[in-house]
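Novice: here you go, sequence then predicted model.
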Amino acid sequence: MQKIALITGITGQDGTYLAELLLNKGYEVHGIKRRSSLFNTDRIDHLYQDPHVSDRKFVLHYGDLTDSTNMVRIVQEVQPDEIYNLGAMSHVKVSFDMPEYVADADGIGALRILEAIRLLGLTKKTKFYQASTSELYGLVQEVPQSETTPFYPRSPYAVAKMYAYWITVNYREAYGMYACNGILFNHESPLRGETFVTRKITRAVAKISMGLQDMVYLGNLDAQRDWGHAKDYVEGMWRMLQQDEPEDFVLATGKTTRVRDFVKMSFREVGVELAFEGEGAAEVGKIASVKNDDFPLPVGATVVAVDERYFRPTEVELLLGDPSKAFEKMGWKHEYDLSTMCAEMVQADIELFRRDQVLKREGFAVKAQHE
Ligand code: NDP
Ligand code: GDR
């Protein structure tokens, strides 16, 4: 029997990789996309099937996690075997600017889907995956962090995700639903949103190396993250819904890296060694030696500066996950290492900006997007 999956957040990084994975496994995949004034399906356009084609395997529905009736209608129409709730306003810093909306979409959004499953009598049919996060650990209580580490959320985003975490556990216990939380540590890829730190860095490195940008402003360079590759992590999400019993799992690499080291690693990919001056807020990074002769900036040029506008009112300083439960029970482990992923991201961004480079060379204005 062909399985049917419904993915919220299908236009995002993880939604795209998960849709690809499930289509390859023979699933019929439905996704919820938001109405926007411009096309917002760039990442999934290669999966698109014209609505006039019969027997489609990839179907998009307009919807929003803040709209209960819309959720009920879509779940009723699709009758999914599996729902992956990946939709969220997922930027931690931005959540301080729009906390109420984030509580609604990221917190109550999960409840809306769980209620749709329950009210439609699908509790025995439909399995539910909640995109929980290592941000739940927040202020360090224990290292490494595992399924039993206490939570201490440090942002409106994390607090909203904490509600979603517990309501998922509660519906599992109260109604016997197959519902689980994947507590995922940071995962990145060439499809990562442009304002998350890794992608912001790899984009900047690509542009600087191509003469399209002079420098990049960053926030806290001392934060430490357990970074994996999104492709590995969507495989773990799927495995969580294929177990005999629903359980919550941490997915992580078990290694942590400082933001500054990711910056160094990324510049190394274009042949540049960076020396940082001092530590902390006033720090300015300078090129110490330029290895490639044709690098557009001189030795000693400042390419990284710290700007406190990127600091968070409350920061999560250290994330380091213990993925041993996922390995023991599901045989899951990460395949990509950080330097391979970093190289992939920098090269993908260089490819992306080749067009801009030609335009600039021919005298056309090139749009700057530094956020
Ligand atoms: P992205 O930000 O790339 O994607 C988020 C998706 O959610 C987009 O498709 C977005 O749509 C959609 N969305 C936003 N608001 C709503 C809403 N109100 N209703 C419906 N859909 C909405 O996130 P990722 O792919 O990186 O992450 C996927 C999920 O996993 C998120 O829930 C995130 O919080 C969580 N997570 C991510 C981790 C990571 O490191 N990537 C780690 C742990 C958890 P649009 O394209 O229109 O904006
Ligand atoms: P995070 O990811 O907050 O961990 O949430 P992000 O890449 O935004 O930040 C990681 C760390 O880098 C520091 N930082 C900067 N961050 C951004 N965005 N921009 C900067 O200029 C910058 N400079 C330094 C941050 O302070 C932070 O410490 C991601 C999201 O995908 C969440 O949805 C997910 O739940 C968690 O990962 C796990």
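Specialist: Perfect, I can see it now. Ligands and ions are numbered 1, 2, ... in the order given.

Novice: quick one, domains of the protein?
Specialist: Per the record, the chain has its domains at 4-184, 197-224+258-316+336-361, by automatic domain parsing.

Novice: looking at those, which one has the lowest mean pLDDT?
Specialist: Set side by side, the domains of the chain differ in mean pLDDT, and domain 197-224+258-316+336-361 is lowest with a mean of 89.

Novice: if we can go back for a sec, just name the most buried of the domains of the chain.
Specialist: domain 4-184 (a mean of 19; mean count of other CB atoms under 10 Å). Every C-beta, even on glycine, is put in place using the N, C-alpha and C of the backbone.

Novice: quick one, which of the domains of the chain is nearest to Leu251?
Specialist: domain 4-184 (4.9 Å; CB to CB).

Novice: and the spatially closest residue to Ala19 that is not a sequence neighbour, helix, strand or coil?
Specialist: Of all residues not flanking Ala19 in the chain, Val29 sits nearest, at 5.1 Å (CB to CB, 6 or more residues apart in numbering). Following DSSP: H, G, I helix; E, B strand; the rest coil, Val29 is assigned to strand.

Novice: now do Val29 against Lys325, distance only.
Specialist: Separation of Val29 from Lys325 (CB to CB, to the nearest Å) stands at 28 Å.

Novice: what ranges do the helices span in the stretch 151-300 of the chain?
Specialist: Counting by DSSP state H, counting those that start in this stretch, the stretch 151-300 of the chain has these helices, from start to end: 156-175, 197-209, 230-240, 259-268.

Novice: do a quick rundown of the strands in the stretch 1-150 of the chain.
Specialist: Secondary structure of the stretch 1-150 of the chain (DSSP state E, counting those that start in this stretch): strands at 4-8, 28-33, 58-62, 82-85, 127-133.

Novice: interface residues of this protein facing ligand 2?
Specialist: Counting by CB under 6 Å from any ligand atom, the residues of the chain close to ligand 2 are 90, 92-93, 133-135, 185-186, 195-197, 200, 218-220, 223, 225, 259, 310, 312, 315.

Novice: swap the cut-off to 5 Å and go again
Specialist: Applying CB under 5 Å from any ligand atom, we find that the chain lies next to ligand 2 at 90, 92, 133-135, 186, 196-197, 218-220, 223, 259, 310.

Novice: closest to Gly321 among the residues you listed?
Specialist: Ser134 (6.2 Å).

Novice: that closest one and Asn186 touch, don't they?
Specialist: Yes: using CB atoms under 8 Å, Ser134 is in contact with Asn186, at 7.0 Å.

Novice: quick check: neighbours shared by these two?
Specialist: Counting by CB atoms under 8 Å, 6 or more residues apart in numbering, the common neighbours of Ser134 and Asn186 are 226, 319.

Novice: so for His46, which of the helices of the stretch 151-300 of the chain sits nearest?
Specialist: In terms of CB to CB, the element of the helices of the stretch 151-300 of the chain nearest to His46 is helix 230-240, at 15.3 Å.

Novice: nearest to ligand 1: which residue in this structure?
Specialist: Closest to ligand 1 within the chain is Gly12: 2.1 Å, counting by CB to the nearest ligand atom.

Novice: leaving out chain neighbours, which residue sits closest to that residue?
Specialist: Spatial nearest neighbour of Gly12, chain neighbours left out: Leu86 (6.2 Å); criterion: CB to CB, 6+ apart.

Novice: so the one you found touches Ala131, yeah?
Specialist: Yes: taking contacts as CB under 8 Å, Leu86 lies within contact range of Ala131: 4.8 Å.

Novice: which parts of the stretch 101-250 of the chain sit against ligand 1?
Specialist: Near ligand 1, when you scan the stretch 101-250 of the chain using CB under 5 Å from any ligand atom, you find 105, 131, 133, 184, 186-187, 193.

Novice: now the domains of the chain in CSV, with distance to Arg239?
Specialist: Shown next, in CSV, are these (distance: least, CB to CB, whole Å):
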stretch, distance to Arg239
domain 4-184, 9
domain 197-224+258-316+336-361, 17
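
Novice: so which of the ones you listed gets nearest Tyr233?
Specialist: domain 4-184 (5.6 Å).

Novice: quick check: Thr340 is in a helix.
Specialist: Yes: Thr340 sits within a helix when classified using three-state DSSP.

Novice: follow-up on the earlier one: ok now do the residue of the chain closest to ligand 1, which residues does it touch?
Specialist: With contacts defined as CB under 8 Å, 6+ apart, Gly12 is in contact with 43, 86-87, 90, 193.
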